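structure, please.
(chains A, B and C)
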Amino acid sequence: MARLTEVRWHGRGGQGAKTAALLLAEAASEAGLFVQGFPEYGPERMGAPVLAYNRLSDEPITLHSHVARPSVIVVLDQTLIRSGEVVAGLTEGGAVVVNTPDSPSRMRERLGLSDRGGVRVAVVDASRIAVETIGRAIPNTPMMGAVVRVTGLMELTRFLEVVRGLLEEKFAGRPRLIEGNARAVERAYREVRVD
Amino acid sequence: MTVREGAGWKEIPRGGLILEPGNAVAYETGDWRTFRPVWHEDRCIQCLLCWVYCPDAAIEVKDGKVTGVDYRYCKGCGICATECPDKAHALEMIREEEAGADG
Amino acid sequence: MGEDVRPGTAEAAGRDDRARRRRTALTGNEAVALAMRQVEPDVVAAYPITPQTDIVQFFASFVADGRVKTEFVTVESEHSAMSAVVGASAAGARAMTATSANGLALMWEVLYIASGSRLPIVMPVVNRALSAPINIHCDHSDAMGARDSGWVQLWSEDAQEAYDNVIQAVRIAEDPRVLLPVMVCYDGFIISHALLNLEVLTDDEVKEFVGTYRPDRSLLDPDRPVTVGPLDLYDFYFEHKRQQAEAMAAAREVIPEVAAAYAALTGRSYGMMEAYRLADAEAAVVVLGSAAGTARFVVDRLRREGRKAGLLKLRVFRPFPASEMAEALGGLRAVAVMDRCDGFSAAGGPVFNEVRSALYGLDGVRPDAAGRPQGRAPNGPPLVVNVVYGLGGRDVDPEDIEAVFDLLFRRIEGEEPRGEDGAGVLSRSLRPSPNTEVHYLGVRE
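Here you go, the predicted model:
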């Protein structure tokens, strides 16, 4: 991985963008990386567009500003694409990971990235995976799996191991949630398609 | 530890702590009276209501009986005279300057 | 104060060492709540307010789950929270609370009672802008307003420092030479709600470091009764304030001592301030809080370009390390003091005014017998400008701080302030006096 990976998560209040950013940071930290995970707090209401960020690096991170030029952009809700700004600041060589049933090429068009060949577009139907594994359309955990795959942040087995450990802490005594979320992560990791 | 008057900052307890228990008696607060209660032993029925109601501790009592008023602390509020039963009227408020020099 | 030493990374720590130190990732508030759990004070009384809320929530669960024996007092306001810890501390308990912004403002009168009564209370302050207009995000106007309340103030760059400062604060506050309350400040949301790496100590290590609090005097000591908080008029009040001044001066000695003991335990060293690449710098920013980390990033970048940039991060604002400040900055040519608070003095923010005052009268201002300038500032004291930034959570990124350095280098090259330096993110400067320059970083004209 690059020395510093900066991630911006786009979601809507209630979809778990913040939780995903924090969980990804925790998992990456467990795996030995230096991390940051933080939300941008705006109006806190269900359905409002929300942002969250990650910085992941193999060196200590001292930056404490917002991420202006992410190399990875994660879109939890494809209706946000209409607002246009989701790919703002995306660095050359970066990637966009979108929760959508669309094909990668169709999504590239929708994102307005047709003339940016240096940028990868990845898609995964995380909402469907979430419904089938967790029983609710909360796309945040499967999207973590997709991000790990697209960034090559770490090996799937290692990632699943640390995520399972964290889920066991968070959902102690609710084995179905732990299992469902772990399966969602794995499925998204395997099902993500990159153009 | 008694704090000496005029002590410097290195000598006194920190933060205004008072380390000497019960030293409030050393601070005589009875010098701001306009009126003072005068106790008439001959009229007193020893009901002790004045002692009960005095907001300070200015009614002197010995062996369960009122013996006078402690003017070192009495602020002249007149509560004792008000509470003294009408039939006794053993405490009478007079102007401070009528009191003479005996204190 | 070590040149180029970054607390938290403990240069070249071996892998075993790192494992022993238990690197983890926590939000700032989680880290502080953990430190409080490990200290396990006798009493915590606190009222929730954004962005401090998590601390109260986490600590209340520690109490409910039986993980600490702390008496947790739920109160109806911050005024009551501070009053309750004042009572607890006077009674001989190790007492803590935590707050932010308007909560701190509501504590105001009791802050002075805590310090004036010399009660070693420790309080994390999660910095947030004061109303009005209402805003929940970070700036330093809350704690800066309380700078003269007699509390020691430790400022933290990140979760690691907030954690470390809470633990050190207990020993600083309770040192018999000090006996003053301590605020541990860190940036709301930017640090409080960000998941960040830090190394944590074991519960036993923390307990051993803070020791058992044995007050020499307390209300619950019937063998040696005391009166706390009596009327104190012109006969003794002034002497008690003089004592307080002395205690704050003593904290200047105690804070480095505690830091040295903490460094022996953790390998992380803290001083009154941190000088980063200052020794040969021509221009530097002075900053406290999370923006110091961003400034460090910028200094590294400028250094790679061959520009002599440096950073002075202030950790202790009260007591103010004036002589160390003069020592560290005296040889520079231009300094920008960054204030995340406008003191509304119309003559610059609070950190600016104190830093510049510390530089006044440096050796070298007056020439020697031969007419040559002398001493630490052979070219005279540096030019000092003020940069107010980040109010109400306005983001400050590397480009913003680079603009500040650009301004400093332009001044060094002889460019005079023209009043329209705001071409980029720096606004047109206020010129409250001929030698004072105040910029607003990132404000829209």
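
how about the helices of chain A, start to end?
For chain A, the helices defined by DSSP state H occupy A:17-30, A:104-110, A:126-133, A:140-151, A:156-170, A:175-191.

any chance of JSON lines for those helices, columns mean neighbour count and distance to residue C:126?
Where C-beta positions appear, they are placed from N, C-alpha and C, glycine not excepted. Listed next are these as JSON lines, based on neighbours: other C-beta atoms under 10 Å in any protein chain shown; distance: least, C-beta to C-beta, whole Å:
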{"stretch": "helix A:17-30", "mean neighbour count": "25", "distance to residue C:126": "18"}
{"stretch": "helix A:104-110", "mean neighbour count": "17", "distance to residue C:126": "40"}
{"stretch": "helix A:126-133", "mean neighbour count": "21", "distance to residue C:126": "34"}
{"stretch": "helix A:140-151", "mean neighbour count": "26", "distance to residue C:126": "26"}
{"stretch": "helix A:156-170", "mean neighbour count": "16", "distance to residue C:126": "24"}
{"stretch": "helix A:175-191", "mean neighbour count": "19", "distance to residue C:126": "31"}
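
nearest to chain B, of these?
Nearest to chain B, of all the helices of chain A, is helix A:17-30, at 43.7 Å by C-beta to the nearest C-beta.

same for that closest one, what does it pack against?
strand A:4-12, strand A:34-40, strand A:49-57, helix A:140-151, helix A:156-170, strand C:23-27, strand C:195-199 (3 or more C-beta pairs under 8 Å, 6 or more residues apart in numbering or on different chains; DSSP states H and E).

list the contacts for residue C:334?
Listed by C-beta atoms under 8 Å, 6 or more residues apart in numbering or on different chains, the contact set of residue C:334 reads C:282-284, C:382-385, C:408-409, C:411-412.

now neighbour count and distance to chain A too, for those residues, in a markdown table please.
Below are the contacts of residue C:334 laid out as a markdown table (neighbours: other C-beta atoms under 10 Å in any protein chain shown; distance: C-beta to the nearest C-beta, whole Å):
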| residue | neighbour count | distance to chain A |
| --- | --- | --- |
| C:282 | 16 | 22 |
| C:283 | 26 | 19 |
| C:284 | 28 | 16 |
| C:382 | 23 | 25 |
| C:383 | 18 | 26 |
| C:384 | 25 | 24 |
| C:385 | 25 | 21 |
| C:408 | 25 | 20 |
| C:409 | 18 | 21 |
| C:411 | 20 | 25 |
| C:412 | 16 | 25 |
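
from the residues you listed, pick the one nearest residue B:36.
residue C:384 (65.9 Å; C-beta to C-beta).

and the closest one, which of the three is it?
Put simply, residue C:384 is strand when judged by DSSP: H, G, I helix; E, B strand; the rest coil.

shouldn't residue B:20 be in contact with residue B:4?
No: Residue B:20 is beyond contact range of residue B:4, at 11.9 Å (criterion: C-beta atoms under 8 Å).

compute the number of surrounding residues for the residue nearest to residue A:91 when sequence neighbours are not counted.
What sits nearest to residue A:91 in space, not counting adjacent residues and going by C-beta to C-beta, 6 or more residues apart in numbering or on different chains, is residue A:71, at 4.7 Å. Residue A:71 has 21 neighbouring residues, counting by other C-beta atoms under 10 Å in any protein chain shown.

which residues touch residue A:71?
A:2, A:5-7, A:90-91, A:93-95.

ok, of the residues you listed, which come out buried?
Among those, those buried by neighbour count (16 or more other C-beta atoms under 10 Å in any protein chain shown) are A:5-7, A:90, A:94-95.

turn these into JSON lines, columns for pLDDT and distance to chain C.
As requested, the buried ones among the contacts of residue A:71 are arranged in JSON lines below (pLDDT from 0 to 100; distance: C-beta to the nearest C-beta, whole Å):
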{"residue": "A:5", "pLDDT": "95", "distance to chain C": "15"}
{"residue": "A:6", "pLDDT": "97", "distance to chain C": "12"}
{"residue": "A:7", "pLDDT": "97", "distance to chain C": "13"}
{"residue": "A:90", "pLDDT": "96", "distance to chain C": "17"}
{"residue": "A:94", "pLDDT": "96", "distance to chain C": "18"}
{"residue": "A:95", "pLDDT": "97", "distance to chain C": "22"}
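
can you pick out the most distant pair from those residues?
The widest separation within the buried ones among the contacts of residue A:71 (C-beta to C-beta) is 12.8 Å, between A:5 and A:90.

before we move on, back to that, of residue B:20 and residue B:4, who's got more company?
Legend: neighbour count by other C-beta under 10 Å for residue B:20 and residue B:4, higher for residue B:20 (14 against 9).

okay, now residue C:210: neighbour count?
22.

for the one helix or strand residue C:29 maps to, packing partners?
Following DSSP states H and E, one finds residue C:29 within helix C:28-39. For helix C:28-39, the packing partners by 3+ C-beta pairs under 8 Å, 6+ apart come out as helix C:53-64, strand C:122-127, helix C:159-174, strand C:182-187, strand C:195-199, helix C:203-210.

most tightly packed of these?
Most buried of the helices and strands packed on helix C:28-39, by mean neighbour count (mean count of other C-beta atoms under 10 Å in any protein chain shown): strand C:122-127, with a mean of 31.

ok so residue C:286 is a helix residue?
No: read with three-state DSSP, residue C:286 is strand and lies in no helix.

so it sits against residue C:332, correct?
No: contact status for residue C:286 versus residue C:332: not in contact, 10.2 Å apart, counting by C-beta under 8 Å.

what's the closest of the buried ones among the contacts of residue A:71 to residue C:144?
Nearest member of the buried ones among the contacts of residue A:71 to residue C:144, counting by C-beta to C-beta, is residue A:6, at 31.1 Å.

which residues does that closest one contact?
So residue A:6 contacts A:53-55, A:67, A:69-72 (C-beta under 8 Å, 6+ apart).

quick one, which of those are buried?
Among those, the ones that count as buried (16+ other C-beta under 10 Å) are A:53-55, A:67, A:70-72.

what two of those residues are the furthest from one another?
A:53 and A:71 (11.9 Å).

what's the overlap in contacts for the two?
A:6-7.

next, give phi and psi for the closest residue to residue C:339 other than its chain neighbours.
The shortest distance from residue C:339 to any non-neighbouring residue, by C-beta to C-beta, 6+ apart, is to residue C:349 (2.8 Å). For residue C:349, the backbone dihedrals (degrees, to the nearest 10) come out as phi -80, psi 170.

hmm, residue C:388 and residue C:349 touching each other?
Yes: here residue C:349 reaches residue C:388: they are 5.4 Å apart, a contact under C-beta under 8 Å.

what residues are shared contacts of the two?
Common neighbours of residue C:349 and residue C:388 (C-beta under 8 Å, 6+ apart) are C:339, C:341-342, C:438.

who's in contact with the residue in the stretch 1-150 of chain C that chain A sits nearest to?
Per C-beta to the nearest C-beta, residue C:25 is where the stretch 1-150 of chain C lies closest to chain A, at 3.7 Å. By C-beta under 8 Å, 6+ apart, the residues touching residue C:25 are A:25-26, A:29-30, A:35, A:37, C:195-198.

TSV for those residues, including distance to residue B:99?
Shown next, in TSV, are these (distance: C-beta to C-beta, whole Å):
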residue	distance to residue B:99
A:25	82
A:26	82
A:29	83
A:30	86
A:35	83
A:37	80
C:195	77
C:196	76
C:197	79
C:198	74
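
flag whichever of these scores worst on pLDDT.
pLDDT is lowest at residue A:30 among the contacts of residue C:25; the value there is 88.

now do the closest residue to that one other than its chain neighbours against chain C, distance only.
Nearest residue to residue A:30 in three dimensions, chain neighbours excluded: residue A:162, at 4.1 Å (C-beta to C-beta, 6+ apart). Remark: distance between residue A:162 and chain C (C-beta to the nearest C-beta, to the nearest Å) = 11 Å.

tell me which residues touch residue A:162, please.
Residue A:162 neighbours (C-beta under 8 Å, 6+ apart): A:26-27, A:30-31.

same thing but at 7 Å, please
A:27, A:30-31 (C-beta atoms under 7 Å, 6 or more residues apart in numbering or on different chains).

and what of residue B:45?
Here residue B:45 is in contact with B:85, B:88 (C-beta under 7 Å, 6+ apart).
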